[in-house]
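> heads up, no residue letters with this:
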């Protein structure tokens, strides 16, 4: 399978815990995106990378969110001190030129 | 005001109908336009990608862009129950410090009933 891969698919965590998600983009795609989606809403931009450089981070994000893309390959998204409001689907996408291709997402539930 | 506006619907049509889905955008830096289909609890699937004003056709799907009015549309001919999903429009920043950023509309929920 050469599509975008996200792990884990589901994560249940207690409030206050830290969580980390991983995204493996399509090989050779230089751009990688993270979005968050809640029920009935379109994907909300979190951050994106061009190779290993993080180009923009949403101003809506608190400092509890951080993302990395070491060596311009896979990426991780970490949420520290999770809150119930962080419960959502976290989507990763990658692109070379043109449209981006999404993974199946990581569904986070904070209890 | 959101940079990309999309009527959330829901939209319900009978099988075989022509479906029209629309978005408006506000930023002239948006130069590329995409339509995605998303089934429940799945990631969005890229349907159409276009740059120029005008029409682009792919099977039963036609994407239309009017840059002068900042209006994009997706038409589905001979709609099928399997087309029932949420349809998302998206734009690609082609200028400035946000080059490469994708911005999405809210999504339109479509149901095609037999």
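Now that the structure is in, tell me what you want to look at. Keep in mind it's a predicted model, so treat the numbers as computed, not measured.

> wait, what's in contact with the residue lying closest to residue A:42 once chain neighbours are set aside?
Counting by Cβ to Cβ, 6 or more residues apart in numbering or on different chains, residue A:42 lies nearest to residue B:104, which is 4.1 Å off, once chain neighbours are set aside. From N, CA and C alone the C-beta is placed, and that goes for glycine too. By Cβ atoms under 8 Å, 6 or more residues apart in numbering or on different chains, the residues touching residue B:104 are A:35, A:42, A:43, A:44, A:45, B:4, B:36, B:88, B:89, B:90.

> Dump the residues you listed into CSV; add secondary structure as well.
Listed next are the contacts of residue B:104 as CSV, based on DSSP: H, G, I helix; E, B strand; the rest coil:
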residue, secondary structure
A:35, strand
A:42, coil
A:43, coil
A:44, strand
A:45, strand
B:4, strand
B:36, strand
B:88, strand
B:89, strand
B:90, strand
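
> What's opposite the residue nearest to residue A:42 in the beta bridge?
residue B:90 (DSSP bridges).

> what about it, distance to residue B:23?
Per Cβ to Cβ, to the nearest Å, residue B:104 is found 9 Å from residue B:23.

> give me the low-pLDDT residue ranges for chain A?
For chain A, applying pLDDT under 70 flags the ranges A:1.

> The spatially most central residue of it: what's its closest spatial neighbour, skipping adjacent residues?
When Cα atoms, centre = their mean is applied to chain A, the residue found nearest the centroid is residue A:34 (3.7 Å). Sequence neighbours aside, residue A:46 is the residue nearest to residue A:34 in space, at 4.2 Å (criterion: Cβ to Cβ, 6+ apart).
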